[in-house]
Each structure stands twice: as C-alpha cells, then as structure tokens.
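what follows is a predicted protein model with its sequence.
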Amino acid sequence: MKKFVSFLYKLARVANDVETLSSGDPKRVAKRAKNKVIGRKLIKKLMK
C-alpha cells in the first residue's frame with residue numbers, strides 16, 4: 001500500500017508540473033520552478 005500511495009503523490013506532482021507548463025503563463029512557470037529549486041535545497045540541508 002505504501003508504494004501505491006507514494007506513486008500517487010509522485011503522479012500528482014508531475015500532473016501539477018504539466019498543468020503549470022501547459023498554462024503558458026510565464027510568471028506561474030517561473031514561480032513553480034523557483035519553488036522546486038528552493039524545496040530541493042531545503043531538503044538537502046535538512047537531511048545532512
């Protein structure tokens with residue numbers, strides 16, 4: 001069950017990326033990209 005739930009969360013994140021890119025709004029795309037980069041850096045610092 002855990003693997004299935006993890007798959008659904010990953011699928012939701014990808015769907016949100018696709019929706020953001022397909023919107024064509026450059027501000028929305030930039031905001032999404034910025035938040036992904038910040039989130040990844042934050043997780044790396046927390047995992048040290």
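Nice, I can see it. Numbers count the residues shown, from 1 in each chain.

which element, helix or strand, includes the most centrally placed residue in the chain?
In the chain, the C-alpha nearest the mean C-alpha coordinate belongs to residue 13, at 5.0 Å (C-alpha atoms, centre = their mean). According to DSSP states H and E, residue 13 maps onto helix 2-23.

so which elements touch that helix?
helix 26-47 (3 or more C-beta pairs under 8 Å, 6 or more residues apart in numbering; DSSP states H and E). Every residue, glycine included, has its C-beta placed from N, CA and C.

tell me the angle of the helix it packs on relative to helix 2-23?
For helix 26-47 against helix 2-23, the angle by axes from the mean of the first three to the mean of the last three C-alpha atoms, to 10 degrees is 150 degrees.

show me what helix 26-47 is packed up against.
For helix 26-47, the contact count by 3+ C-beta pairs under 8 Å, 6+ apart identifies helix 2-23 as packing neighbours.

thinking again about what came up before, show the pLDDT at the residue nearest to the centre of the chain.
Residue 13 is assigned a pLDDT of 94 by the prediction.

now do residue 47
87.
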